[in-house]
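Engineer: Got a predicted structure here, sequence first:
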Amino acid sequence: MITLTICNHKGGTGKTTTSINLSAALALSGSKVLVVDLDPQGFLTRMMGQAEPEVSASSLMLFESEISAAPPILKLPTFDLIPSSPALSTALRKLTKPTDVLWAKEYIQTQIHGYDMVILDTAAAVTVYSLNALVASDLVIIPVLPEYQPVIGAEQTYQTVKMVRKSLNPGLGASKFLFTMVDGRKRNHHAYRHYMREKYQDDVMTGIVRTCTTLSVSSRDGRTVYDSNPHARGAIDYANVADEISTLIQQKDEATAREMDPERERSSTAQIGQKTT
Ligand SMILES: Nc1ncnc2c1ncn2[C@@H]1O[C@H](COP(=O)(O)OP(=O)(O)O)[C@@H](O)[C@H]1O
Ligand SMILES: [Mg+2]
């Protein structure tokens, strides 16, 4: 099971849109996906057509020290969801200990089973919730609109991810920038994409998400772009991003297998050597 966080300290960069439609793309290509809405404003929950849940049926349960019930998972047509509640905002005051960044990791490891991917949507702020998401994650996607403020926000987020990897989660793999709402006609979009590729190279995803009306008018009835218009640019773009993520996960799995069994790697290398000589 892979845990992936979608975050950027700047708002309006396509985090929630990416969480929904990337999850749908991964689910449609055969993965079992659970989305956890960790934004106290709960836009993702609303966009999936869900009413505000009881606190005990919300993602705040990930942060309870006493686990008394099964995870509050809603079964949706394409993927499953743990919805958010505004109670996450009020609970912030209680989550102030250094160890309070570890709750989500422990919850996911012990309570969530049977999924290929857990995708965490976060708010546009560095809070204990976004830190929990990073501590629990194997991969991070930083959606970024190729414009000044979102790029600055994305670079700050990248630094936060680095800090979390160094001090709290050495298992955190790649953190990848994903360009969203790209408009090929805008010169500044070209300029910022060039700047990011020069500076961050492989940490910028090859796939991009172009501006797409179907994504921007996305409904509040739980439909993803694949339900509204599977031929829309957004549907194609998120399918490509999903493929890229799947390749990344495969590479990570192979690297982990090599670390765990260097002997096997050596013998398979030797076999290749024999074949070619
Ligand atoms: N590729 C896109 N094309 C057009 N509009 C988009 C696209 N991605 C997101 N949007 C719109 O931009 C706004 C912000 O997106 P959202 O995903 O809510 O960002 P965040 O979660 O980072 O705040 C929303 O109104 C959304 O519909
Ligand atoms: Mg959002």
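Structural biologist: Received, thanks. What you are looking at is a predicted structure, and each value in this text was computed from that prediction instead of being measured. Ligands and ions are numbered 1, 2, ... in the order given.
Engineer: Flag every residue of the stretch 151-277 of the chain that's near ligand 1.
Structural biologist: For the stretch 151-277 of the chain, the contact set with ligand 1 under CB under 6 Å from any ligand atom comprises 180, 181, 209, 211, 212, 215, 216, 218, 234. All C-beta atoms are positioned from the backbone trio N, CA, C, and that covers glycine.
Engineer: Could you count how many residues lie near the last one?
Structural biologist: Okay, so that is residue 234. Neighbour count of residue 234, defined by other CB atoms under 10 Å: 26.
Engineer: Just to be sure, it is in a helix?
Structural biologist: Yes - counting by DSSP: H, G, I helix; E, B strand; the rest coil, residue 234 is found in a helix.
Engineer: Surely it and residue 217 touch.
Structural biologist: No - if you go by CB atoms under 8 Å, residue 234 and residue 217 don't touch, sitting 10.7 Å apart.
Engineer: give me the beta-bridge partners of residue 142?
Structural biologist: residue 177 (DSSP bridges).
Engineer: okay, it: pLDDT?
Structural biologist: You'll see residue 142 listed with a pLDDT of 98.
Engineer: cool, and residue 126?
Structural biologist: The model reports residue 126 with a pLDDT of 89.
Engineer: Please work out which residues outside the helix or strand containing residue 88 touch it.
Structural biologist: According to DSSP states H and E, residue 88 maps onto helix 87-91. Residues from elsewhere that reach helix 87-91 (CB atoms under 8 Å, 6 or more residues apart in numbering): 38, 39, 40, 55, 58, 59, 60, 63, 129.
Engineer: Quick one: neighbours of the first one, just the number.
Structural biologist: By that I understand residue 38. Residue 38, neighbours per other CB under 10 Å, totals 30.
Engineer: List the residues that contact the nearest residue to it once chain neighbours are set aside.
Structural biologist: With CB to CB, 6 or more residues apart in numbering as the criterion, residue 38 has its nearest non-adjacent residue at 4.6 Å, and that residue is residue 129. Residues near residue 129 by CB under 8 Å, 6+ apart: 38, 39, 40, 88, 92, 104, 122, 123.
Engineer: now those residues as JSON lines including secondary structure, pLDDT and distance to ligand 1?
Structural biologist: JSON lines is the format used below for these (DSSP: H, G, I helix; E, B strand; the rest coil; pLDDT from 0 to 100; distance: CB to the nearest ligand atom, whole Å):
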{"residue": "38", "secondary structure": "coil", "pLDDT": "98", "distance to ligand 1": "12"}
{"residue": "39", "secondary structure": "coil", "pLDDT": "97", "distance to ligand 1": "7"}
{"residue": "40", "secondary structure": "coil", "pLDDT": "97", "distance to ligand 1": "13"}
{"residue": "88", "secondary structure": "helix", "pLDDT": "97", "distance to ligand 1": "15"}
{"residue": "92", "secondary structure": "helix", "pLDDT": "93", "distance to ligand 1": "19"}
{"residue": "104", "secondary structure": "helix", "pLDDT": "97", "distance to ligand 1": "19"}
{"residue": "122", "secondary structure": "coil", "pLDDT": "98", "distance to ligand 1": "9"}
{"residue": "123", "secondary structure": "coil", "pLDDT": "96", "distance to ligand 1": "8"}
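Engineer: of these, buried ones?
Structural biologist: For these, a burial check counting by 16 or more other CB atoms under 10 Å picks out 38, 39, 40, 88, 104, 122, 123.
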